[in-house]
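[1] my questions are about this predicted structure, shown below with the sequence.
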Amino acid sequence: TGTRCNVCEEGLFGAKCDPLPATTDLQPNEAIDIGGRVVSIYGYNFNNSFRYTCTFGEGATQLVNATFKSSQRLTCVVPPNGNPTATNVQVVITEINGYGTLNMGNRVYLQYIPTCPEESN
């Protein structure tokens, strides 16, 4: 019995300080708007037994599969920008496991850099 500290150790989250998956960073955080760049998503408690996806932009506009690299790193290939008016887009990581799906709430963002239009050459 006794009082419980409100702060979990690093890598533990939630009311019971469980080893839940969470994202902390995305690097590099810029890509040209035609896509193709590989970005690393850093975080905690990624599991090689589960499947992960990266969604670029609001409303699941651009969904790609993630590649597991370690318990603290996933990679995704940036898709072409599906909404040219949006240059700073949120990237949501989803874990698909035997129990359902889990969207990781920590927010990471990617800045799309416009390419030069062909008519300007």
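    Right, received. Where do you want to start?

[2] show residues contacting the helix or strand where Tyr109 lies.
    For Tyr109, the host element (DSSP states H and E) is strand 108-113. Outside strand 108-113, the residues that touch it by C-beta atoms under 8 Å, 6 or more residues apart in numbering are 23-26, 29-33, 39, 41, 56, 78, 81, 86-91, 93. (Each C-beta comes from the backbone N, C-alpha and C, glycine too.)

[3] what of stretch 13-20?
    With C-beta under 8 Å, 6+ apart as the test, stretch 13-20 has contacts from 8-9, 11-12, 22, 44-45.

[4] per-residue confidence for the spatially closest residue to Leu12 that is not a sequence neighbour?
    In this structure, Leu12 finds its nearest non-sequential neighbour in Pro19, 5.9 Å apart by C-beta to C-beta, 6 or more residues apart in numbering. In this model, Pro19 is scored at 86, pLDDT.

[5] from Val39, how far off is Pro19?
    In this view, Pro19 and Val39 are 24 Å apart by C-beta to C-beta, to the nearest Å.

[6] more crowded one of these two?
    Val39 (21 against 15; other C-beta atoms under 10 Å).

[7] what residues are up against that one?
    26-29, 31, 75-76, 78, 91, 110.

[8] how about Asn48, secondary structure?
    coil (DSSP: H, G, I helix; E, B strand; the rest coil).

[9] dump the residue contacts of Glu58.
    Here Glu58 is in contact with 86, 89-90 (C-beta under 8 Å, 6+ apart).

[10] oops, could you answer that again for Ser70 instead?
    Phe46.

[11] then Ala31?
    For Ala31, the contact set (C-beta under 8 Å, 6+ apart) comprises 37, 39, 78, 110-113.

[12] spatially central residue for the protein, please.
    The C-alpha lying nearest the average C-alpha coordinate of the chain belongs to Ile93 (C-alpha atoms, centre = their mean; 3.9 Å).

[13] helices and strands of the protein: which one has the lowest mean pLDDT?
    For the chain, scoring each helix and strand by mean pLDDT, DSSP states H and E identifies strand 100-103 as the least confident one, at a mean of 81.
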